Structure formats: structure tokens, C-alpha cells
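Asks: I'd like to go over a predicted model; first the sequence, then the structure.
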Amino acid sequence: MSNSSKGTALITGASRGIGAVYADRLSKRGYDLILVASGQARLKALSARLTSGTGRSVTPLPTDLNNKAELARVEATLRDDPSITMLVNNAGTASVAPLLNADVEKMDAMIALNITALTRLTYAAAPAFVARGTGTIINIASVVAISPETVNGVYGATKAYLIALSHSLQHELADKGIRIQAVLRGATATDLWEIAGLPWQNLPASIVMSSEDMVDAALVGLDQGEPVTIPGLHDGDEWTRFEAARRALSQRFGNSVPAPRYGIGGPAAARSNAPSLSRVGNSTGEIHG
């Protein structure tokens with residue numbers, strides 16, 4: 001670890017777009033870097049530029065996170081490298097295709113990257129951070145997690161998973177000194193859109209944020225201690241109210257009888273507990289009903 005380093009940040013999907021901006025910003029904040037991405041040439045060029053420009057230690061780690069052996073290598077790095085203090089789960093893919101037009105194999109690959117690989121990296125990092133007594137996990141989600149009707153439903157579902165995982169981690173690890181931040185980005189000017197089949201240039205300019213602005217806002221949110229950061233939401237109180245309503249509603253789900261609107265509450269429960277002829281035998285041991 002370099003002198004005065006804040007530790008090492010491991011960033012996935014680091015060779016372009018949001019991941020590359022995180023690499024730039026975190027290196028300027030004093031982090032050494034491990035950059036994980038599948039684009040080897042682009043990754044090495046970025047690493048060289050950041051090392052030259054910031055003086056930080058930058059290690060490129062070319063990896064296909066959908067390859068189990070290569071994923072396992074990154075997991076081992078997170079578990080075993082004591083310098084790592086931050087994991088940025090940024091790698092992911094998207095789709096804008098409707099369900100009936102989507103290739104299920106591509107959906108399966110998206111789940112493998114957006115959910116399975118991310119989960120395994122998180123399971124490697126979180127216990128290691130707890131053991132080291134420090135650590136931050138940043139999960140790059142999306143506003144489609146709470147608006148799944150907007151684009152492809154599988155993509156939205158993978159991001160909803162990420163919010164649920166982040167909430168759970170925040171609940172479990174808050175008293176252990178580990179910080180978890182979920183970043184719900186909106187439409188961002190990256191080639192993710194083009195790969196998904198809809199270039200961001202075709203979207204209304206009024207809804208598309210630059211990668212630089214998105215990451216800068218997310219890092220300010222991290223500095224301010226936000227568990228969930230939504231760079232494009234101008235009235236932050238709207239999320240506060242949404243989250244408060246969600247938590248309040250979750251306390252009202254558990255009841256031993258169905259809601260009165262279904263008309264099958266107490267009496268039905270009582271009937272289900274009463275002996276039935278089909279379960280009661282006569283004195284000769286025969287069953288009637």
C-alpha cells in the first residue's frame with residue numbers, strides 16, 4: 001500500500017463508463033486500485049494513465065466474471081488482501097427487450113453477472129471487512145429497481161435484488177463498522193445502453209446524466225452517509241418518505257388470519273381446526289366421510 005493511502009478499492013466493470021470514473025475519482029481521493037474488467041487492453045491503458053496521473057498503485061486484473069475460475073480469483077483477492085477497504089460492485093449488463101422478444105440465454109447470462117457474480121464477491125468481501133474492522137461496499141443499482149415497467153423486467157429484477165441485498169447488509173453490518181451504499185442511477189451516458197440495444201443518444205437529453213456527474217454525486221452521497229443515493233432525484237425527501245412507508249408497511253404483513261376483505265378470516269380458521277368426518281373413526285376403527 002502506498003504512503004498515505006486510504007487502502008485499496010477493488011472496482012468491477014472498471015475499464016469504461018461508470019467504473020472508469022470511479023477509478024479516476026477514488027485514485028484522486030487517495031485509494032490504491034485493483035481494476036477488474038474483461039477488456040484487457042482498455043484496462044491496462046486506464047491503469048497506466050491513473051498510475052502516471054495520481055501516483056497511486058493501480059493493478060489491472062483482467063477478468064470475465066461469468067467465468068467461475070476467474071471469478072474465484074477475484075473472490076480470493078477480496079478475502080486475502082488486507083489492504084482492500086472498498087468494493088465497488090459496478091460490473092453489469094442490461095437489456096431493453098420485452099420479455100417475449102428477449103433471448104433467455106442472454107437473460108441467464110445477465111443474472112449470472114448482475115446477481116450471482118456480485119453476490120459471490122460480496123460474500124467474499126463482507127466477512128473479510130468485518131475481520132479487518134473496516135470496509136465499504138458500493139452497489140451500483142438502478143432506478144428501474146423500483147420502476148421495473150420501464151425496461152426489461154429481468155434487468156429491473158436484478159437491480160431490485162441489489163437494493164434488497166444492500167438493505168439486508170446495512171441491517172446486519174451497521175454495528176460492525178461496515179458501510180453499505182446502494183446507488184440508484186438513472187439513465188447514464190455509457191455504452192451499456194448501446195450494448196442493450198438502445199443507444200443513450202436516442203433518449204431525451206433531459207433525462208441522461210453524464211458518468212462523471214453521476215459518480216461525483218454518488219461519492220458525495222457516500223460522504224454524507226446516505227445508505228441509498230439517487231443522483232437524479234432532486235427532492236431527497238421523496239425517497240425518505242418512500243422508505244419510511246415501506247418500512248412501516250413491512251410491520252403489518254404478519255397476521256394469523258387473512259384480511260377481512262377476503263371474507264375468510266376467523267370463522268374459516270375455526271372450521272379448519274374442527275374435526276372432520278374424514279379424519280374421525282368410529283368405534284370399530286372404520287373411517288367415514
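Replies: Sure, I can see it.

Asks: Using the three-state scheme, assign residue 30.
Replies: Residue 30 falls in the coil class when you classify it by DSSP: H, G, I helix; E, B strand; the rest coil.

Asks: Could you verify my assumption that it touches residue 5?
Replies: Yes: checked against CB atoms under 8 Å, the pair residue 30 and residue 5 is within contact range at 5.9 Å. Where you see a C-beta, it was placed from the backbone N, CA and C, and this is true even at glycine.

Asks: Now do the shared contacts for those two.
Replies: In the contact map built from CB atoms under 8 Å, 6 or more residues apart in numbering, the residues linked to both residue 30 and residue 5 are residue 56.

Asks: Tell me the confidence at residue 1?
Replies: Per-residue pLDDT puts residue 1 at 42.

Asks: oh, I was asking about residue 79
Replies: Per-residue confidence for residue 79 comes out at a pLDDT of 97.

Asks: burial count for it?
Replies: Using other CB atoms under 10 Å as the criterion, residue 79 is surrounded by 15 other residues.

Asks: so it makes contact with residue 130?
Replies: No: taking CB under 8 Å as the definition, residue 79 is not a contact partner of residue 130, at 11.7 Å.

Asks: Now do the SS call for the residue nearest to residue 35 when sequence neighbours are not counted.
Replies: Excluding its sequence neighbours, the residue lying closest to residue 35 (CB to CB, 6 or more residues apart in numbering) is residue 14, at 3.9 Å. Three-state call for residue 14 (three-state DSSP): coil.

Asks: got the phi/psi numbers for residue 14?
Replies: Backbone dihedrals for residue 14, given as degrees, to the nearest 10, come out at phi -90, psi 0.

Asks: and it, what does it touch?
Replies: 20, 22-23, 33, 35-37, 43, 46, 88, 90 are the contacts of residue 14 under CB under 8 Å, 6+ apart.

Asks: Now, these that are in helices?
Replies: The members of the contacts of residue 14 that map onto helices under DSSP state H are 20, 22-23, 43, 46.

Asks: Out of these, which comes closest to residue 166?
Replies: Sorting the ones in helices among the contacts of residue 14 by distance to residue 166 puts residue 22 at the head of the list, at 16.7 Å, by CB to CB.

Asks: can you pull out the helices in the stretch 51-200 of the chain?
Replies: Assigned by DSSP state H, counting those that start in this stretch, the helices in the stretch 51-200 of the chain fall at 68-80, 104-111, 118-132, 153-173, 192-196.

Asks: Show me what the mean pLDDT comes to for the fourth one.
Replies: By that I understand helix 153-173. Helix 153-173 comes out at a mean pLDDT of 95.

Asks: list the buried ones in it?
Replies: The neighbour-count criterion (16 or more other CB atoms under 10 Å) identifies 153-163, 165-167, 169-170, 173 as the buried residues of helix 153-173.

Asks: try stretch 23-42
Replies: Judged by neighbour count (16+ other CB under 10 Å), stretch 23-42 contains these buried residues: 23-27, 31-38, 42.

Asks: could those be laid out in JSON lines, adding distance to residue 83?
Replies: Converted to JSON lines, the buried residues of stretch 23-42 look like this (distance: CB to CB, whole Å):
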{"residue": "23", "distance to residue 83": "16"}
{"residue": "24", "distance to residue 83": "20"}
{"residue": "25", "distance to residue 83": "19"}
{"residue": "26", "distance to residue 83": "14"}
{"residue": "27", "distance to residue 83": "14"}
{"residue": "31", "distance to residue 83": "10"}
{"residue": "32", "distance to residue 83": "7"}
{"residue": "33", "distance to residue 83": "11"}
{"residue": "34", "distance to residue 83": "9"}
{"residue": "35", "distance to residue 83": "14"}
{"residue": "36", "distance to residue 83": "15"}
{"residue": "37", "distance to residue 83": "20"}
{"residue": "38", "distance to residue 83": "24"}
{"residue": "42", "distance to residue 83": "24"}
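
Asks: From residue 82, how far off is residue 133?
Replies: In this structure, residue 133 and residue 82 are separated by 11 Å, where distance is defined by CB to CB, to the nearest Å.
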